[in-house]
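> just coords:
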Ligand code: 4AD
Ligand code: MG
């Protein structure tokens, strides 16, 4: 007989079935029955299995069917007589695949997220992590759908790279040299003897390579792992995270903002539609305003304001900030959250930032003081998207590189795009884990990725 997933059993027809999964709880009644709650990860709900103690072979499995064990049941799917569930399976045959001794760490009580992070190999078997990973999966699927429906080409960009997209100082180096005894010329390490015969790093962004293919296929997107070696121990930063980066020829900054807004609205609406049970769980257990917030995001336009307007808003406020509010300074998380949560009470897109605080590749405005950058900022989260129109003018780009002390020779391929058939183009990057955080209401980014990598932590 073929196994049926619990998700399908709960909507399925009565009759003979096979169910396989992990025991969440077990209760034994005096009347000679055991009631097991089984979960197989296909949905939030468990299925109740009723085992009559007079079942042949019951005594051999009795001791093994404890919380955490993995079992297979043959039985009959029937309408439940008990309270709390519509359907149940009355077992006719029980097999234990893997018992779980009493030291199984996920016993009945509710565990802290800190504790669960220490058992990342088991936390997927809790309600919360099951729901997070199903929502994460739905978001990944919807991301591809959104772009595929619009004719974007999915592009894989390299993970090992020689160039720094976002500015120096926060990249992981990749090397096969002997760290205890690296080859040297004079005082310096001789990277010509390294694996790639030059210094290489893990990528911080696939954007620059994305631009190459936008200049050939018009509209592309990447969706892959990116790495930042910044020592940020916050609830919003990972050292290894996934980023979605669309890059579009012939888009100006307005087109870019339109796409970003539609993108977020689509993803939120898809999750609400396709993960209703998991989302109801988050709304009940994590944040009781979650569904209302998400509904508002789908239904209302984002507020768009320039960086200069944002500074005015902040200066007008009576709120005391830890970081200075002055034209030319970066907006800090506290500023971003104040604007989206207290002033506008909805997602905002801040654009036209001072050129000196933004990356070299962003298109310079005519005034020469600001660039066509945009950040999408969400209430309760802060920055989820960073993007811009790109500088397509060869001379201006070289000048910007020199001002930022980058060597144009190292970016000759990037400059070639401006030399041969240059075009106005734009793109952005969305932090995938921040999206999952926002949609689920989970407070810590470490709890929305299966195996978080953060400073001093790379163990399973
Ligand atoms: O704003 P960022 O640094 O932009 C770029 O990397 C551009 N090259 C993207 C582009 O235009 N193609 O990063 C983009 C997004 C941020 O808005 C944030 O959501 C996320 O990536 N992000 C992080 N997420 C988790 N942990 C970190 N350490 C992150 N750093 C950035
Ligand atoms: Mg940014």
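Now that the structure is in, tell me what you want to look at. All of these numbers come straight from a predicted model, not from anything done at the bench. Numbering: from 1, shown residues only. Ligands and ions are numbered 1, 2, ... in the order given.
> hmm, stretch 149-163 touching ligand 1?
No - using CB under 6 Å from any ligand atom, stretch 149-163 never reaches ligand 1; the gap is at least 10.2 Å. For the C-beta atoms, the positions are set from N, CA and C on the backbone; glycine is no exception.
> please identify the buried residues of that stretch?
Under the neighbour-count criterion of 16 or more other CB atoms under 10 Å, stretch 149-163 has 152, 155, 157, 161, 163 buried.
> wait, the second one sits on residue 219?
No - using CB atoms under 8 Å, residue 155 is not in contact with residue 219; the gap is 10.1 Å.
> coming back round to it: and the buried residues of stretch 149-163, which is closest to ligand 1?
residue 157 (10.2 Å; CB to the nearest ligand atom).
> quick check: that closest one vs residue 244, distance?
Going from residue 157 to residue 244 by CB to CB, to the nearest Å gives 12 Å.
> report the helix or strand with the lowest average pLDDT across this protein.
Ranked by mean pLDDT, DSSP states H and E, the helix or strand of the chain with the weakest confidence is helix 58-62, at a mean of 90.
> which residues sit against it?
Here helix 58-62 makes contact (CB atoms under 8 Å, 6 or more residues apart in numbering) with 51-53, 71, 94-96.
> any quick PyMOL command for the buried ones out of those?
To isolate in PyMOL the members of the contacts of helix 58-62 that are buried, counting by 16+ other CB under 10 Å, one can use:
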select buried, resi 51+71+94+96
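> in the stretch 1-150 of the chain, which spans are strands?
15-29, 33-39, 47-52, 70-79, 87-98 (DSSP state E, counting those that start in this stretch).
> okay, the angle between the longest one and strand 87-98?
This points to strand 15-29. Here the directions of strand 15-29 and strand 87-98 differ by 80 degrees (axes from the mean of the first three to the mean of the last three CA atoms, to 10 degrees).
> show me what strand 15-29 is packed up against.
Applying 3 or more CB pairs under 8 Å, 6 or more residues apart in numbering; DSSP states H and E, we find strand 15-29 packed against helix 6-10, strand 33-39, strand 47-52, strand 70-79, strand 87-98.
> now the strands of the stretch 1-150 of the chain as CSV including mean pLDDT and distance to residue 362?
Below are those laid out as CSV (pLDDT from 0 to 100; distance: least, CB to CB, whole Å):
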stretch, mean pLDDT, distance to residue 362
strand 15-29, 96, 50
strand 33-39, 97, 48
strand 47-52, 96, 53
strand 70-79, 96, 53
strand 87-98, 96, 54
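> can you redo those as TSV with distance to ligand 1?
Listed next are the strands of the stretch 1-150 of the chain as TSV, based on distance: least, CB to the nearest ligand atom, whole Å:
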stretch	distance to ligand 1
strand 15-29	31
strand 33-39	30
strand 47-52	37
strand 70-79	34
strand 87-98	35
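> need those strands in JSON lines (columns: distance to residue 121).
Converted to JSON lines, the strands of the stretch 1-150 of the chain look like this (distance: least, CB to CB, whole Å):
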{"stretch": "strand 15-29", "distance to residue 121": "14"}
{"stretch": "strand 33-39", "distance to residue 121": "17"}
{"stretch": "strand 47-52", "distance to residue 121": "24"}
{"stretch": "strand 70-79", "distance to residue 121": "15"}
{"stretch": "strand 87-98", "distance to residue 121": "14"}
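> and those: which comes nearest residue 307?
Proximity to residue 307 (CB to CB) singles out strand 33-39 among the strands of the stretch 1-150 of the chain, at 48.3 Å.
> show me the contacts for residue 425.
Applying CB under 8 Å, 6+ apart to residue 425 gives the contacts 211, 214-215, 247-251, 389-390, 392.
> farthest-separated two in those?
Farthest pair in the contacts of residue 425, by CB to CB: 215 and 389, 14.2 Å.
> what about the two, which has more around it?
More crowded of residue 215 and residue 389, by other CB atoms under 10 Å: residue 389, with 26 against 20.
> hey, where'd the strands end up in the stretch 201-350 of the chain?
219-227, 240-249, 303-306, 348-354.
> out of those, which gets nearest to ligand 1?
Across those, closest to ligand 1 is strand 240-249 (CB to the nearest ligand atom), at 3.8 Å.
> before we move on, back to that, which single one of the contacts of helix 58-62 is nearest to residue 309?
Residue 309 lies nearest to residue 71 out of the contacts of helix 58-62, by CB to CB, at 60.8 Å.
> interface residues of the stretch 201-350 of the chain facing ligand 1?
Listed as neighbours of ligand 1 in the stretch 201-350 of the chain under the rule CB under 6 Å from any ligand atom: 205, 207, 228, 237-238, 241, 243, 245.
> give me that answer again for 8 Å
Residues of the stretch 201-350 of the chain lying close to ligand 1 (CB under 8 Å from any ligand atom) are 204-208, 210, 226, 228, 230, 232, 236-239, 241, 243, 245-247.
> report the buried members of those residues.
Applying 16+ other CB under 10 Å to those flags 204-208, 210, 226, 228, 236-239, 241, 243, 245-247 as buried.
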